[in-house]
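Undergrad: sequence plus the predicted model coming up.
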Amino acid sequence: MKRLRSQEWFGREGKDGFLYRSWIKNQGWPRDLFDGRSVIGICNTWSELTPCNAHFREIAEYVKRGVWEAGGFPLEFPVMSLGETMLRPTAMFFRNLASMDVEESIRGNPIDGVVLLMGCDKTTPSLLMGAASCDLPTIGLSGGPMLSGKFQGHDLGSGTSLWQMTDDVRTGKMKVDDYVDAESCMHRSKGHCMTMGTASTMANMVEALGMSLPGNAAIPAVDARRYTLAQLTGRRIVQMVRDDLRMSQILKREAFENAIRANAAIGGSTNAVIHLIAIAGRIGVPLCLDDFDHLGQRLPCLVNLQPSGQYLMEDYFYAGGLPAVLRELGENAALHKNALTVNGKSIWENVTQAPCWNRDVIHNYESPFKENAGITVLRGNLAPCGAVIKVSAASPHLLQHRGRAVVFDNIEECHARTNDENLEIDETCVMVLKNCGPRGYPGMAEVGNMSLPAKLLRKGVTDMVRISDARMSGTAYGTVVLHVSPEAAAGGPLALVQSGDMVTLDVHKRLLQLEVDDATLAARRARWSPPPLPERGWERLYVQHVQQAHQGADLDFLVGRSGARVARDSH
Ligand code: FES
């Protein structure tokens, strides 16, 4: 085996070797641990401010067991943790910052292989992005979903049930006391959101990309098998270092195509579009918005999970999880079977015998849960660089719709005016929200699924066409057009829409069109001016460098990889 990079620190003589070894020996490590064995970094997003990852210190201990067993030397290190429900203005604002932390922490330290501990929404893409830019042997391990929420005899799904109950309180269908009680019943165990929201989607993406051991996506956080998987992951990364099996050998174009198709089959989050494009950009695989449409759009949704369906991640695990879905894809010519995975086997070898125990949760191809349910990419004069809609979570009767725009210039105006009884709006209107994109919010918050006006909810309206440059929580639903690019704050045509304009959405024709003539739009553009740059700090750097949604919203100077080598010593 070739000399490991950790030996550039620990295998040295003289002053440098003394310096690199002596200080770390303050933790009680014996001398023989520096004998050339692999050093495995455990990249931990544990934080008490990230509830979904609060059990990660415990998981790390099981990873360490596996690393020790296989003859490695595990060293756990923290990176910036992104709690989706806590961070303002939105966790996505910090995804790229966290990825820089991950990249530089790996590169700057004596690490030969990395285990990425990921859970809450943005912790998965940020770790994959940062690690991809270093390209060491790397394996992903998700923290697992929470147990199903239980309340008054029925299931509660993270996020999805919150949006439903909030509307029920507004229309008087649910008492406020019950709403408060439900707060303690929705999230009752360790783990991340247990709907097919962004966290679950991204855990499925990690597995579909081949970046984790099989079964990673669905095992509940509190199931003993999650801890077994952690131990096996620790064993495996040591062998990956011996084999020099690096991320770039796994994250090929075929792996991303498998992930896109898997995302369609699971009814996954629209956020996967942005994150997969950003990860591909780091590792150097060309991937664009249209890949999601032509690879995934015509695929059926096989998985009946909230928000597109009924069940939750615990049910998905008991039904067979992602291996059962990938087997269906493989048997129907929708999987690159030879794609390599972290266990050294092809993805098809991993899933070829995968059982399904419940066809109501994981349907087969012959009788899918929903037809043609992948993410659809829309274009037109309102979104020249594209926009997306999750058809499986939309209302079929609104997929071809023409309506009068009711425009909100920002999220504050949207909140302030939506419930104004005098707002001129009915269910045929199209709600348009501006300035919530990567630069505009900043950070492209999950506000695209605007609440419907209370007066329409009282009439029994349950969905309307909504359009914005924002994102939407993976747990949300509705006929919601997202990620309009270019965004309003970058001068995209969205900035020019006015209340009263007519807008056409035609999902079958992939069309998003503003029915305003070019001369009028040019006159409006002449009066438009960009928002001022933030004065300082991360916000200024972010706004100056963030790319548009269709490019993955990475910072322009972070795209690509630099490898793991650092030539200079620290002293
Ligand atoms: Fe962390 Fe949903 S809030 S996964």
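TA: Perfect, I can see it now. Numbering: from 1, shown residues only.
Undergrad: what parts of the chain come near the ligand?
TA: 52, 84-85, 120-121, 158, 192-193, 197, 199 (CB under 6 Å from any ligand atom). Where C-beta positions appear, they are placed from N, C-alpha and C, glycine not excepted.
Undergrad: any chance of those residues in a markdown table, with distance to Ala445 and secondary structure too?
TA: Formatted as a markdown table, these follow (distance: CB to CB, whole Å; DSSP: H, G, I helix; E, B strand; the rest coil):
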| residue | distance to Ala445 | secondary structure |
| --- | --- | --- |
| Cys52 | 18 | helix |
| Glu84 | 11 | coil |
| Thr85 | 13 | coil |
| Cys120 | 16 | coil |
| Asp121 | 12 | coil |
| Ser158 | 18 | coil |
| His192 | 19 | strand |
| Cys193 | 17 | coil |
| Gly197 | 15 | coil |
| Ala199 | 17 | helix |
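Undergrad: how about the residue of the stretch 351-500 of the chain found nearest the ligand, what does it touch?
TA: Residue of the stretch 351-500 of the chain nearest the ligand, by CB to the nearest ligand atom: Thr475 (7.1 Å). Taking CB atoms under 8 Å, 6 or more residues apart in numbering as the criterion, Thr475 is in contact with 157-160, 162-163, 193, 195, 197-198, 306-307.
Undergrad: could you list the buried residues of stretch 231-244?
TA: 231-242 (16 or more other CB atoms under 10 Å).
Undergrad: got the end-to-end distance for stretch 333-348?
TA: Stretch 333-348 has an end-to-end distance of 12 Å (CA to CA, to the nearest Å).
Undergrad: residues of that stretch that come out buried?
TA: 334-337, 339-343, 346-348.
Undergrad: same list (these) but as a markdown table, adding secondary structure and pLDDT.
TA: Shown next, in a markdown table, are the buried residues of stretch 333-348 (DSSP: H, G, I helix; E, B strand; the rest coil; pLDDT from 0 to 100):
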| residue | secondary structure | pLDDT |
| --- | --- | --- |
| Ala334 | coil | 97 |
| Leu335 | coil | 98 |
| His336 | coil | 98 |
| Lys337 | coil | 98 |
| Ala339 | coil | 98 |
| Leu340 | strand | 98 |
| Thr341 | coil | 98 |
| Val342 | coil | 98 |
| Asn343 | coil | 98 |
| Ser346 | strand | 98 |
| Ile347 | helix | 98 |
| Trp348 | helix | 98 |
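Undergrad: so which of the contacts of Thr475 belong to helices?
TA: 160, 162-163, 198 (DSSP state H).
Undergrad: show me which of those is closest to Leu433.
TA: Trp163 (16.3 Å; CB to CB).
Undergrad: excluding its backbone neighbours, what's nearest the closest one?
TA: Using CB to CB, 6 or more residues apart in numbering and skipping the chain neighbours, the partner closest in space to Trp163 is Ala476 (6.0 Å).
Undergrad: run a quick neighbour tally on that neighbour.
TA: 24 (other CB atoms under 10 Å).
Undergrad: which residues touch it?
TA: Counted by CB under 8 Å, 6+ apart, Ala476 has contacts 159-160, 163, 307, 393, 446, 449.
Undergrad: out of those residues, which are buried?
TA: Here, 16+ other CB under 10 Å leaves 159-160, 163, 307, 393, 446, 449 buried among those.
Undergrad: so what's the closest residue to the residue of the stretch 351-500 of the chain closest to the ligand other than its chain neighbours up against?
TA: Of all residues not flanking Thr475 in the chain, Gly159 sits nearest, at 2.7 Å (CB to CB, 6+ apart). The contact partners of Gly159, taken as CB under 8 Å, 6+ apart, are 193, 195, 197, 307, 473-476.
Undergrad: what pairs with Leu141 across the strands?
TA: As for beta bridges, Leu141 partners with Leu117 under DSSP bridges.
Undergrad: that older thread, out of the contacts of Ala476, the closest to Gln7 would be?
TA: Distances from Gln7 to these, taken by CB to CB, are shortest for Glu446, at 44.7 Å.
Undergrad: mind checking which helix or strand that closest one is in?
TA: Following DSSP states H and E, there is no helix or strand that holds Glu446.
Undergrad: show me the strands in this protein, by range?
TA: All strands of the chain, identified by DSSP state E, fall at 39-44, 73-78, 113-118, 138-142, 149-151, 154-156, 375-380, 383-390, 400-408, 430-433, 465-468, 480-485, 502-506, 511-514.
Undergrad: in TSV, list these along with mean neighbour count and distance to Gly215.
TA: Output for the strands of the chain, formatted as TSV (neighbours: other CB atoms under 10 Å; distance: least, CB to CB, whole Å):
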stretch	mean neighbour count	distance to Gly215
strand 39-44	26	20
strand 73-78	18	22
strand 113-118	30	15
strand 138-142	29	10
strand 149-151	18	23
strand 154-156	18	23
strand 375-380	22	25
strand 383-390	24	26
strand 400-408	18	40
strand 430-433	26	39
strand 465-468	28	36
strand 480-485	28	31
strand 502-506	19	39
strand 511-514	21	39
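Undergrad: quick check: of the contacts of Ala476, which lies closest to Asp518?
TA: Among the contacts of Ala476, and counting by CB to CB, the member closest to Asp518 is Asn449, at 31.1 Å.
Undergrad: residues in contact with the closest one?
TA: 163, 466, 472-473, 476-478, 480.
Undergrad: same thing with Asp360?
TA: 304, 311 are the contacts of Asp360 under CB under 8 Å, 6+ apart.
Undergrad: same question, Leu289
TA: Counting by CB under 8 Å, 6+ apart, Leu289 has contacts 273, 277, 377, 385-386, 388, 550.
Undergrad: was I right about Pro368 contacting Val303?
TA: No. The criterion here is CB atoms under 8 Å, and Pro368 misses it with Val303 at 9.5 Å.
Undergrad: out of those two, which sits in the more crowded spot?
TA: Using other CB under 10 Å, the more surrounded residue of Pro368 and Val303 is Val303, with 31 against 18.
Undergrad: please name the nearest non-neighbouring residue to the more buried one.
TA: Ile266 (4.5 Å).
Undergrad: same question for Asp181.
TA: That would be Phe151: by CB to CB, 6+ apart, it lies 7.4 Å from Asp181.
Undergrad: I'd like the distance between that neighbour and the ligand.
TA: 18 Å (CB to the nearest ligand atom, to the nearest Å).
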